[in-house]
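**Q** A predicted structure for the sequence below; I have some questions about it.
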Amino acid sequence: MSDLPNIINAAFQVPNLGQLVAPALDHKPRILMLYGSLRQRSYSRFLTFEAQRLLEAFGAEVRIFHANGLPLPNDAPDTHPKVQELREAMLWSEGQVWTSPERHGAMSAVMKTQIDWIPLPGGAIRPTQGRTLAVMQVSGGSQSFNAVNQMRILGRWMRMLTIPNQSSVAKAFQEFDDNGRMKPSSYYDRVVDVMEELVKFTLINRGVSGYLTSRYSERKEVVAKLEERVSLKSI
């Protein structure tokens with residue numbers, strides 16, 4: 001370490017392959033699904049339900065959060081029942097699916113409101129850090145990737161592992177029948193691909209996400225605080 005004078009040795013760790021072997025967990029992968037619409041006939045909700053069926057077929061346990069009644073950020077206290085429901089579901093999850101309609105070239109306000117209620121730090125617990133994430137969107141017109149691209153940025157900001165694949169369903173009103181079921185198409189096949197990939201990444205990631213998201217800069221802060229406490233005790 002003589003060539004790295006800026007490094008704090010107590011916080012420096014060489015990556016260890018053994019730490020990346022996920023332990024055997026006896027519960028199914030836990031997937032939380034959020035969608036960004038309150039409309040009665042909501043294509044983002046229909047797409048979420050279709051993805052739920054696939055996730056359960058792939059062996060996952062699924063919860064869907066319905067944003068009806070969720071207040072705007074800072075328009076209610078953190079103790080609001082819908083806020084508590086959302087945050088508890090975040091902590092329960094090991095992976096997530098975010099599905100939004102594209103509104104004015106962006107994700108919907110309903111989608112963003114859900115994310116904005118989730119604090120990045122939560123004491124010693126971050127509700128999203130280290131969890132896997134899949135993103136999907138529906139559009140009323142031609143295919144676009146504005147919403148999924150924005151959600152990818154949010155996923156990085158929330159310290160999530162966003163999988164490479166994604167789904168963007170164009171002219172969504174043509175892709176679902178009167179019962180809200182998705183019709184056979186290349187769009188449907190892509191949804192299958194995305195959910196399969198999410199479950200695989202979640203199986204790999206869960207149990208080791210804490211090690212994957214352990215950062216030198218944060219360990220350095222812990223070391224500094226420990227040294228400060230020891231110094232105070234010696235006075």
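**A** That came through, no problem. Residues are numbered from 1 along each chain as shown.
**Q** what does the lowest-mean-pLDDT helix or strand in the chain contact?
**A** Within the chain, confidence by mean pLDDT, DSSP states H and E is lowest for helix 216-233 among all helices and strands, at a mean of 77. For helix 216-233, the external contacting residues (C-beta atoms under 8 Å, 6 or more residues apart in numbering) are 8, 10, 11, 12, 13. Every residue, glycine included, has its C-beta placed from N, CA and C.
**Q** Packing partners of the lengthiest helix in the chain?
**A** Residue-count comparison of every helix in the chain, with assignments taken from DSSP state H, identifies helix 186-205 as the longest. Judged by 3 or more C-beta pairs under 8 Å, 6 or more residues apart in numbering; DSSP states H and E, the packing partners of helix 186-205 are strand 30-35, helix 43-57, strand 95-103, strand 132-138, strand 167-169.
**Q** ok, and what's touching it?
**A** For helix 186-205, the external contacting residues (C-beta under 8 Å, 6+ apart) are 22, 29, 31, 47, 50-51, 54-55, 58-60, 94-95, 97, 130-132, 134, 136, 161, 163-167, 169-170, 175, 182, 212.
**Q** which of the residues you listed are buried?
**A** Judged by neighbour count, with 16 or more other C-beta atoms under 10 Å as the criterion, the buried members of the contacts of helix 186-205 are 29, 31, 47, 50-51, 54-55, 58, 60, 94-95, 97, 130-132, 134, 136, 161, 163, 165-167, 169-170, 175, 182.
**Q** now the residue nearest to residue 209 when sequence neighbours are not counted, what's its secondary structure?
**A** If you skip the residues right next to it in sequence, residue 209 has residue 130 as its closest partner in space, 3.1 Å away by C-beta to C-beta, 6 or more residues apart in numbering. State at residue 130, reduced to three classes by DSSP: H, G, I helix; E, B strand; the rest coil: coil.
**Q** OK, contacts around residue 130?
**A** For residue 130, the contact set (C-beta under 8 Å, 6+ apart) comprises 159, 160, 161, 205, 209, 210, 212, 213.
**Q** Tell me, how many residues neighbour the first one?
**A** Using other C-beta atoms under 10 Å, residue 159 is surrounded by 15 other residues.
**Q** That one reaches residue 133, doesn't it?
**A** No - using C-beta atoms under 8 Å, residue 159 and residue 133 do not qualify as a contacting pair, with a distance of 10.2 Å.
**Q** So residue 64 lies in a helix, does it not?
**A** No - read with three-state DSSP, residue 64 is strand and lies in no helix.
**Q** Which strand residues bridge it?
**A** Beta-bridge partners for residue 64, by DSSP bridges, are residue 33.
**Q** For residue 31, see how far away it is.
**A** Separation of residue 64 from residue 31 (C-beta to C-beta, to the nearest Å): 9 Å.
**Q** go on, residue 7?
**A** When C-beta to C-beta is the yardstick, residue 7 and residue 31 sit 38 Å from each other.
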